[in-house]
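Peer 1: The sequence and its predicted three-dimensional model are supplied below.
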Amino acid sequence: MKEPLVLIPGMMCDARLYWPQIEAFSRERSVTVACATQGERIEEIASTILDGAPQKFALAGLSMGGIIAMEVMRRAPDRVTRIALMDTNPLAETPQSAAMYEPMIVGVKAGRLAEVMRGFLKPEFFAPGPGRMQVLGLMAEMAEALGPEVFLRQVRALQRRKDQQSTLRKCKVPALVLCGEHDGLTPVKRHTFMAELIPYARLEIIPDAGHAPVLEQPEAVNAALAVWLSQPYVLK
């Protein structure tokens with residue numbers, strides 16, 4: 001049996017974010033979508049995921065899911081057999097960027113979750129074209145399903161997150177760093193930087209995709225993930 005694959009969704013996303021990947025990879029391995037909605041610190045969320053994860057597993061995360069994945073690897077490097085970091089960010093929030101979340105928190109507490117999410121996930125963060133509104137629509141549906149309490153917990157976790165550059169430098173397993181070429185939230189140059197930090201990283205830039213290439217260009221992402229999953233383990 002091939003190693004299990006654990007997928008961590010992004011902020012205010014559920015398993016629907018990874019429908020194309022679940023369909024593609026569950027034929028040959030166990031694929032689970034971790035819960036990233038509990039806890040007000042990235043460390044708490046990562047600990048909960050590890051409690052429910054297989055003893056050893058391949059790990060992939062997008063956006064906030066990638067941030068959590070880095071913390072999972074930091075906590076349990078011997079359990080993560082390989083890691084894929086997609087459209088994410090290894091840096092801690094600055095005081096200025098953390099403060100930018102505060103108006104969103106006020107808006108959500110006032111009952112304006114949908115409005116806040118529209119301001120947070122702007123159309124220009126995704127690739128132009130007819131599929132952009134469909135992706136934004138699914139993002140809105142997932143956020144509405146998760147609700148305001150999850151938003152507040154996840155924002156607090158992001159505000160307090162640690163810098164993970166040292167975690168990436170210590171990574172000794174096959175690593176994929178992937179980004180949509182039109183990602184306006186976590187741009188390509190950030191992923192080039194991440195790939196340079198990781199000793200065994202492969203960088204993939206997905207054409208005609210933005211911040212959610214798993215949905216925008218699923219076939220290209222699945223091809224990159226398939227190569228990553230087939231790489232031999234790196235000896236420690």
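Peer 2: Alright, I've got the coordinates. Numbering: from 1, shown residues only.
Peer 1: Give the rounded mean pLDDT of stretch 22-39.
Peer 2: The average pLDDT for stretch 22-39 rounds to 95.
Peer 1: One more: stretch 161-174?
Peer 2: On average, stretch 161-174 scores 96.
Peer 1: Send me it as CSV with only the CA atoms.
Peer 2: C-alpha atoms of stretch 161-174 as CSV (Å, rounded to 0.1, in the frame of the first residue of the first chain):
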residue,chain,number,x,y,z
ARG,A,161,2.0,32.3,13.5
LYS,A,162,5.8,31.7,13.7
ASP,A,163,8.4,32.2,11.1
GLN,A,164,9.2,28.8,9.5
GLN,A,165,12.3,29.5,7.5
SER,A,166,14.4,27.3,9.8
THR,A,167,11.9,24.5,9.4
LEU,A,168,12.3,24.6,5.7
ARG,A,169,16.1,24.7,5.9
LYS,A,170,16.0,21.5,8.0
CYS,A,171,13.7,19.6,5.6
LYS,A,172,15.2,16.4,4.4
VAL,A,173,12.4,14.8,2.5
PRO,A,174,11.1,15.3,-1.1
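Peer 1: Mind listing residues that contact it?
Peer 2: 42-43, 67, 70-71, 73-74, 77, 80-83, 90-93, 194, 197-202, 228, 231-234, 236 (C-beta atoms under 8 Å, 6 or more residues apart in numbering). Backbone N, C-alpha and C define where each C-beta goes, glycine included.
Peer 1: How about the backbone phi and psi for the residue nearest to Q55 when sequence neighbours are not counted?
Peer 2: Spatial nearest neighbour of Q55, excluding adjacent residues (C-beta to C-beta, 6 or more residues apart in numbering): R79 at 6.4 Å. Note on R79: backbone dihedrals following degrees, to the nearest 10 are phi -100, psi -20.
Peer 1: Please look at R79 and K56 and confirm they touch.
Peer 2: Yes - at 5.4 Å, R79 counts as touching K56 under the criterion of C-beta atoms under 8 Å.
Peer 1: These two: which is more packed in?
Peer 2: R79 (15 against 12; other C-beta atoms under 10 Å).
Peer 1: how much distance is there from the worst-scoring helix or strand of the chain on mean pLDDT to the middle of the chain?
Peer 2: Lowest mean confidence among the helices and strands of the chain (mean pLDDT, DSSP states H and E): helix 95-99, at a mean of 88. A distance of 21 Å separates the centroid of the chain from that of helix 95-99, by C-alpha atoms, centre = their mean, to the nearest Å.
Peer 1: likewise stretch 88-108?
Peer 2: On C-alpha atoms, centre = their mean, the centre of stretch 88-108 falls 17 Å from the chain's centre.
Peer 1: if we can go back for a sec, pLDDT wise, what is the residue nearest to Q55 at?
Peer 2: 97.
Peer 1: Contact partners for it?
Peer 2: L50, A53, Q55, K56, F57.
Peer 1: Can you list the buried residues in the longest helix anywhere in the chain?
Peer 2: Scanning the chain for the helix with the most residues, using DSSP state H, yields helix 132-146. Within helix 132-146, the residues that count as buried by 16 or more other C-beta atoms under 10 Å are R132, V135, L136, L138, M139, A140, M142, A143, L146.
Peer 1: didn't the fourth one look like it was pressed against R16?
Peer 2: Yes - using C-beta under 8 Å, L138 makes contact with R16 at a distance of 6.3 Å.
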